[in-house]
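K.L.:
need a structure here:
(4 chains)
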Number of protein chains: 2
Amino acid sequence: MPSNPDRRRLLADAGLRVLAEHGARGLTHRAVDAGAGVPAGTASNYFRSRDALLGALGERIMERFAPDEKVIAELGAREPGRDLFVDYLRYIVERTTRQPELTRALIELRLEAARRPGLAEILGGTLRRGYAGDVAFHATTGLAGGPFEIALLHYALDGLLLDMLTTSIGADADPDDVVAAFVDRLVV
Amino acid sequence: MPSNPDRRRLLADAGLRVLAEHGARGLTHRAVDAGAGVPAGTASNYFRSRDALLGALGERIMERFAPDEKVIAELGAREPGRDLFVDYLRYIVERTTRQPELTRALIELRLEAARRPGLAEILGGTLRRGYAGDVAFHATTGLAGGPFEIALLHYALDGLLLDMLTTSIGADADPDDVVAAFVDRLVV
DNA sequence: CAGAAACCACTACGGCTGTTGTAGTTTGAA
DNA sequence: TTCAAACTACAACAGCCGTAGTGGTTTCTG
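P.N.:
Below you'll find the predicted structure:
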């Protein structure tokens, strides 16, 4: 089991792409090889089992979702308040919908984790950390609301993303409007 | 391709169970046979291809999600207002979380539909109809809000369900409280 | 520079999958 | 009752899957 980090990352990213594009069913070692443009057998060398492959994707996807430090610094420098919070959430939605395949892969992984304790541990840890981080960030804005309100927002945003990225219920509301409504009504 | 409706339903229900329990990857003709307790090859006789099988699941799942006529009549007889609406939503959440495997299967199908136009048509139709129905029901309650607010609720509830049924973000809020908060803040 | 360790490309295998075909059996109409 | 149509059980095929193993090559270390 080689540990070359560059190749590992390359393979994991290809795996996420495959997972989003062809679903859990299409995620095979050989498909990852093809997607990464490496010789057949390479993914199998790095991730000796399917569990290992999924675990690696679960770890990698959170690195990929990590927000741009520069943007966070920029937002952190602004005046706390409602507008900042809306922009923060819009940044989340924008970042996730700009890479729809990544978000779709995350949903696939969350479903898969419901059946794989090992994956659940990896994914659950980072998801919880993300939620805790949002609670902390929100606290700095001085806005009303606490952990409960952030949870509401999380649920609401995830539902919106699910609708945007999969078969929609067909309400043609502007995502930006939806986000603004969530913030204004759920938190502020 | 036989058309025996009873057997068809039996097989589709088994398929939904398999889909929820083992994911898209585990959904095979033979697994459906085993789950339904019928001889190997039966599912293959009824659904000649994997596409046909998924399409049948997409149609069947909406029948399964159809609300109990009696409950709807009961709710319809009550005084319109906020409490009625909360109870209506709680009924939705209760009905979907009481059969978690069915809801999980729906999420799997929605993901799958993102890649299969045929399935998307089947699933999209019924999802849109469900949304339209909710808009119509809401109109009868005389509460504030319109289609936009119902869309917000739909997104929010789907997100809550996703969290409850897959790897959670770990905010330990009571689902009943969350539902009540969604209604009170998003609509009323 | 020499040797060992890590990495890489490739192969092999048993098992499962989608799909099709084909006999036997039941059902229902004439 | 008769006979065709529908249904059922079963088998077979090629192809892909996870996994493990094996030499050759590169890279690091002393």
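K.L.:
ok, the closest residue to A:Pro80 other than its chain neighbours to DNA strand D distance?
P.N.:
Nearest non-adjacent residue to A:Pro80, counting by CB to CB, 6 or more residues apart in numbering or on different chains: A:Thr141, 4.2 Å away. Where you see a C-beta, it was placed from the backbone N, CA and C, and this is true even at glycine. According to CB to the nearest atom of the strand, to the nearest Å, A:Thr141 stands 44 Å off from DNA strand D.
K.L.:
Give the burial count for A:Thr141, as a bare number.
P.N.:
18 (other CB atoms under 10 Å in any protein chain shown).
K.L.:
tell me the contacts of it?
P.N.:
Shown in contact with A:Thr141 (CB atoms under 8 Å, 6 or more residues apart in numbering or on different chains): A:80-81, A:84-85.
K.L.:
A:Phe47 contacts A:Ala56, correct?
P.N.:
Yes - counting by CB atoms under 8 Å, A:Phe47 does reach A:Ala56; the two are 5.6 Å apart.
K.L.:
buried residues in the worst-scoring helix or strand of chain A on mean pLDDT?
P.N.:
One helix or strand of chain A scores below all others by mean pLDDT, DSSP states H and E: helix A:82-98, with a mean of 85. For helix A:82-98, a neighbour-count test (16 or more other CB atoms under 10 Å in any protein chain shown) marks A:84-89, A:91-93, A:95-96 as buried.
K.L.:
mind putting those in TSV, distance to chain B included?
P.N.:
TSV is the format used below for the buried residues of helix A:82-98 (distance: CB to the nearest CB, whole Å):
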residue	distance to chain B
A:Leu84	20
A:Phe85	15
A:Val86	15
A:Asp87	20
A:Tyr88	17
A:Leu89	13
A:Tyr91	18
A:Ile92	13
A:Val93	12
A:Arg95	17
A:Thr96	13
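K.L.:
The residues you listed: which two are farthest apart?
P.N.:
A:Leu84 and A:Thr96 (18.9 Å; CB to CB).
K.L.:
Nearest residue to A:Leu89 in space, please, no chain neighbours.
P.N.:
A:Val179 (5.4 Å).
K.L.:
And for the helix or strand where the one you found lies, what's in contact with it?
P.N.:
A:Val179 is part of helix A:175-182, with elements assigned from DSSP states H and E. When contacts are defined by CB under 8 Å, 6+ apart, helix A:175-182 is touched by residues A:86, A:89-90, A:93, A:97, A:153, A:156-157, A:160, A:164, B:148, B:151-152, B:155-156, B:186.
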